[in-house]
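> Fold the following, please.
(2 chains)
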Amino acid sequence: MSAINHEIDRRAAEWAARRDLSELTAEEQVEFEAWLAADIRHLGAYGRAEAVLGRLERVRSDAVDDVRAYPGQTFNGVPRRVVLAGGLAASLTAIGIVGAALWQEREQVFATGLGQVKEVPLADGSLVVLNTNSKVTVRFTREKREIHLLQGEALFDVAKNKARPFIVFAGNMQVRAVGTSFTVSMLPQRPIQVLVKEGVVELNRGGPAKGTPVRVKAYTQALATQDAPIVAAGVPQSKLDRNLAWQFGRVAFDNQTLHDAVDEFARYSDVRIVVDPAVANRTVTGLFVSNDPVGFAKAAAAVLNLHVEVSDREVRLSAKADEGL
Amino acid sequence: MLQDFRERGRWLARNVLPHEALIRAKLSAVSVYGLDIEDVIQEMYARILSQPSLEAIRYPRQYAVQTAKAIVIDHVRHSRVISITSSGSLDALDMPVLEATTEERLEFQGEILAVADALAQLPSMCRETLILRRMEGLSQREVAQRLKISEKTVEKHMANGVRLLIKIFGRGGKSRVRTSFKKEEACIEDVRDKP
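The predicted model follows:
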């Protein structure tokens, strides 16, 4: 979000709070109306702030206790708000207790099936988004936050905490972050890939292959194959966006061959797309729903003028019989 | 329209706010050069608010998406930018979104849970201020007495809470305790400053 939008939201929230709590003075009213009129975004932001208040109001008073008791993010099986139970006085002094609870040491496992994308908020405020067919374990200790990517791909949006580094283990790779946003993927037959969106991460190998850490900054992709040196290269914004489209349940291609595109779709569904080698080098560009291989095949067929044949667990793409005549 | 804000705010709360994350996701799928999604979202709310009658809008979610799309088209026309990357077409906005996390959540766990979840991400004083005022209907003075803070601080907590909720709801509830924890400190300072 840009600083301007942020500032507009802040002002809108202030006005909404003030108008909700009391009548504006004549002077404030003039100021408020002038602010609203100054920019169309002000009006929109204000409307949204009112909507936030309206949404809270929809929770009737008989549900208030449930809202207060709502655990929020649970971690290690201990609902956060349970620690805070016992009234507000307790909750005010309990901030320290919440902190202590973050350091419990039980391992949690999160996984997705084919075609699923899942957001997992962690106890420290970090967020993990799991792509299709992926699995991670999370273990937080007092000193560090350890995540093991067992398979697949995940985005890590890391909450800053210099005292407790956030380390992702994938195969023999270790990716260490302080506060940043990056993805790690570990797919069969492909190098382990780290893609950094924000901040800096430090890559290293564990065990005997351990060497000097490699620092990788934003807009960089690093690839590691077995024990070969880690290769890092810059990535333009557009490619970064394409590579992160899976967060929204999409795959994006920019002049990708059908062969590669179909490989990508295979990650998201067990419906196979089979491409006739004669057309496998034709390229596609576009944004597609990742767990809809049939939709993709039909779109590709339409654009490339191919023959498409859909059966139960398979879609075939081939040249039309009359092509080339 | 100023007097009407509260009623319109309720309408937006019911019909648009729960879908904002979905609309945002759709917008980010169509990246247009030089276009800021936040601008589009704010302008979308403004355009909807400016409608003479909200009750006439029969399908609010689609209406919101179409409004956002119209803003993007205006931008493209105005700036004469034709390079719409990744999707190739604005029609991507029309696609049914299968993985709409916000929607699923609303469907399966209900609106109360969505609100409770968002509130749980706020600093405790902000959260309690909002609950007392908006759900239990206490006055500013009563909230101040209950929480043993000044009335001015009540206003601050409320403004902070609204600001954070705008973000949380807008992202579909994606937790950002990182921002709220910082605010927790700020909130406590407020209390100390004005006993």
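
> For B:Leu122, which three-state class applies?
Applying DSSP: H, G, I helix; E, B strand; the rest coil to B:Leu122 yields a three-state assignment of coil.

> Look up how far A:Arg68 lies from it.
12 Å (C-beta to C-beta, to the nearest Å). Where you see a C-beta, it was placed from the backbone N, CA and C, and this is true even at glycine.

> Looking at the two, which is more packed in?
B:Leu122 (25 against 20; other C-beta atoms under 10 Å in any protein chain shown).

> Need phi/psi at that one.
The phi and psi torsions at B:Leu122 (degrees, to the nearest 10) take the values phi -90, psi 160.

> how about it, what does it touch?
Residues in contact with B:Leu122, defined by C-beta atoms under 8 Å, 6 or more residues apart in numbering or on different chains, are B:130, B:161, B:164-165, B:180.

> Strands of chain B, start to end?
Using DSSP state E, the strands assigned to chain B run over residues B:31-32, B:84-85.

> mean pLDDT for those strands: which is lowest?
Note on the strands of chain B: strand B:84-85 shows the lowest mean pLDDT, a mean of 41.

> Give me the contact list for the lengthiest strand in chain A.
As assigned by DSSP E, the longest strand anywhere in chain A is strand A:145-157. Strand A:145-157 is contacted by residues A:112, A:122, A:124, A:126-140, A:161, A:164-170, A:177, A:180-187, A:197, A:244, A:246-247 when judged by C-beta under 8 Å, 6+ apart.

> which of those come close to chain B?
When contact is defined as C-beta under 8 Å from any C-beta of the partner chain, the contacts of strand A:145-157 meet chain B at A:124, A:126-127.

> Least confident of the residues you listed?
Out of these, that is A:Asp124, at 75.

> a strand runs through that one, doesn't it?
No: counting by three-state DSSP, A:Asp124 is not part of a strand but coil.

> tally of neighbours for it?
22.

> Which residue, other than its chain neighbours, is closest to it?
Nearest in space to A:Asp124, with sequence neighbours left out and distances taken as C-beta to C-beta, 6 or more residues apart in numbering or on different chains, is A:Ala159 at 5.2 Å.

> Test my guess that that neighbour contacts A:Pro121.
No: if you go by C-beta atoms under 8 Å, A:Ala159 and A:Pro121 don't touch, sitting 10.1 Å apart.

> and the host helix or strand of A:His259, anywhere near chain B?
If you go by DSSP states H and E, A:His259 is part of helix A:258-266. No: under the criterion of C-beta under 8 Å from any C-beta, helix A:258-266 makes no contact with chain B; the nearest approach is 14.2 Å.

> Only C-alpha atoms, please: export the helix or strand that that helix is followed by in CSV.
Counting by DSSP H and E, the next helix or strand C-terminal to helix A:258-266 is strand A:272-275. C-alpha atoms of strand A:272-275 as CSV (Å, rounded to 0.1, in the frame of the first residue of the first chain):
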residue,chain,number,x,y,z
ARG,A,272,-3.5,-35.1,-16.9
ILE,A,273,-3.1,-32.9,-20.0
VAL,A,274,-1.4,-34.9,-22.7
VAL,A,275,0.2,-32.8,-25.5
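
> Before we go further, A:Gln256 is sitting in a strand, right?
Yes: according to three-state DSSP, A:Gln256 belongs to a strand.

> Report the contact partners of it.
A:264, A:283-285.

> what do you get if the cut-off is 10 Å, keeping everything else the same?
Contact partners of A:Gln256, counting by C-beta atoms under 10 Å, 6 or more residues apart in numbering or on different chains, are A:242, A:262-264, A:283-286.

> Could you verify my assumption that B:Leu54 touches B:Asp4?
Yes: shown here, B:Leu54 and B:Asp4 form a contact pair, counting by C-beta atoms under 10 Å, at 9.4 Å.

> what's the closest of the ones next to chain B among the contacts of strand A:145-157 to B:Ile149?
A:Asp124 (28.1 Å; C-beta to C-beta).

> picking up where we left off before, tabulate the contacts of A:Gln256 in JSON lines, adding columns for pLDDT and neighbour count.
Output for the contacts of A:Gln256, formatted as JSON lines (pLDDT from 0 to 100; neighbours: other C-beta atoms under 10 Å in any protein chain shown):
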{"residue": "A:Arg242", "pLDDT": "83", "neighbour count": "21"}
{"residue": "A:Val262", "pLDDT": "93", "neighbour count": "22"}
{"residue": "A:Asp263", "pLDDT": "91", "neighbour count": "16"}
{"residue": "A:Glu264", "pLDDT": "91", "neighbour count": "18"}
{"residue": "A:Thr283", "pLDDT": "86", "neighbour count": "16"}
{"residue": "A:Val284", "pLDDT": "84", "neighbour count": "19"}
{"residue": "A:Thr285", "pLDDT": "80", "neighbour count": "15"}
{"residue": "A:Gly286", "pLDDT": "76", "neighbour count": "20"}
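
> just to revisit the earlier point, which per-residue confidence value corresponds to the residue nearest to A:Asp124?
79.

> Is it part of a helix or strand, or is it coil?
coil.

> circling back to that earlier point, could the contacts of A:Gln256 be laid out in JSON lines, adding distance to A:Val216?
Formatted as JSON lines, those follow (distance: C-beta to C-beta, whole Å):
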{"residue": "A:Arg242", "distance to A:Val216": "19"}
{"residue": "A:Val262", "distance to A:Val216": "30"}
{"residue": "A:Asp263", "distance to A:Val216": "25"}
{"residue": "A:Glu264", "distance to A:Val216": "23"}
{"residue": "A:Thr283", "distance to A:Val216": "29"}
{"residue": "A:Val284", "distance to A:Val216": "30"}
{"residue": "A:Thr285", "distance to A:Val216": "28"}
{"residue": "A:Gly286", "distance to A:Val216": "29"}
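
> For stretch A:156-175, list every residue counted as buried.
A:156-161, A:164, A:166-175 (16 or more other C-beta atoms under 10 Å in any protein chain shown).

> Repeat that for stretch B:6-21.
Quick answer for stretch B:6-21 (16+ other C-beta under 10 Å): B:8-13, B:15-21.

> just the buried members of the contacts of strand A:145-157?
Using 16+ other C-beta under 10 Å as the burial test, these include A:112, A:122, A:124, A:126-134, A:136, A:138, A:140, A:161, A:164, A:166-170, A:177, A:180-187, A:197, A:244, A:246 as buried.

> Just these: which are in strands?
Using DSSP E, A:127-130, A:136, A:138, A:140, A:166-170, A:177, A:181-186, A:197 are the members of these that sit in strands.

> What is the burial count for whichever residue of the stretch 201-325 of chain A sits closest to chain B?
Of all residues in the stretch 201-325 of chain A, A:Gly249 sits closest to chain B, at 3.5 Å by C-beta to the nearest C-beta. When counting by other C-beta under 10 Å, one arrives at 24 neighbours for A:Gly249.

> I'd like to know how far B:Met158 sits from A:Val138.
In terms of C-beta to C-beta, B:Met158 sits 34 Å off from A:Val138.

> next one: A:Ile40
Distance, A:Ile40 to A:Val138, using C-beta to C-beta: 43 Å.

> repeat for B:Thr67
40 Å.

> on that earlier part again, what pairs with the longest strand of chain A, parallel or antiparallel?
strand A:127-130 (antiparallel), strand A:135-140 (antiparallel), strand A:166-170 (parallel), strand A:181-186 (antiparallel) (DSSP bridges).

> Alpha carbons of that strand, as PDB, please.
Provided in PDB are the C-alpha atoms of strand A:145-157 (Å, rounded to 0.1, in the frame of the first residue of the first chain):
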ATOM      1  CA  ARG A 145      11.700 -20.100  14.500                       C
ATOM      2  CA  GLU A 146      12.200 -23.300  12.500                       C
ATOM      3  CA  ILE A 147      10.200 -24.300   9.500                       C
ATOM      4  CA  HIS A 148      10.800 -27.500   7.500                       C
ATOM      5  CA  LEU A 149       9.500 -27.600   4.000                       C
ATOM      6  CA  LEU A 150       9.000 -31.300   3.400                       C
ATOM      7  CA  GLN A 151       7.600 -30.900  -0.100                       C
ATOM      8  CA  GLY A 152       6.000 -28.500  -2.500                       C
ATOM      9  CA  GLU A 153       6.100 -24.700  -2.300                       C
ATOM     10  CA  ALA A 154       5.400 -22.100   0.300                       C
ATOM     11  CA  LEU A 155       5.400 -18.300   0.700                       C
ATOM     12  CA  PHE A 156       6.800 -17.000   4.000                       C
ATOM     13  CA  ASP A 157       5.800 -13.500   5.100                       C
END
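
> I am finished for the moment; much appreciated.
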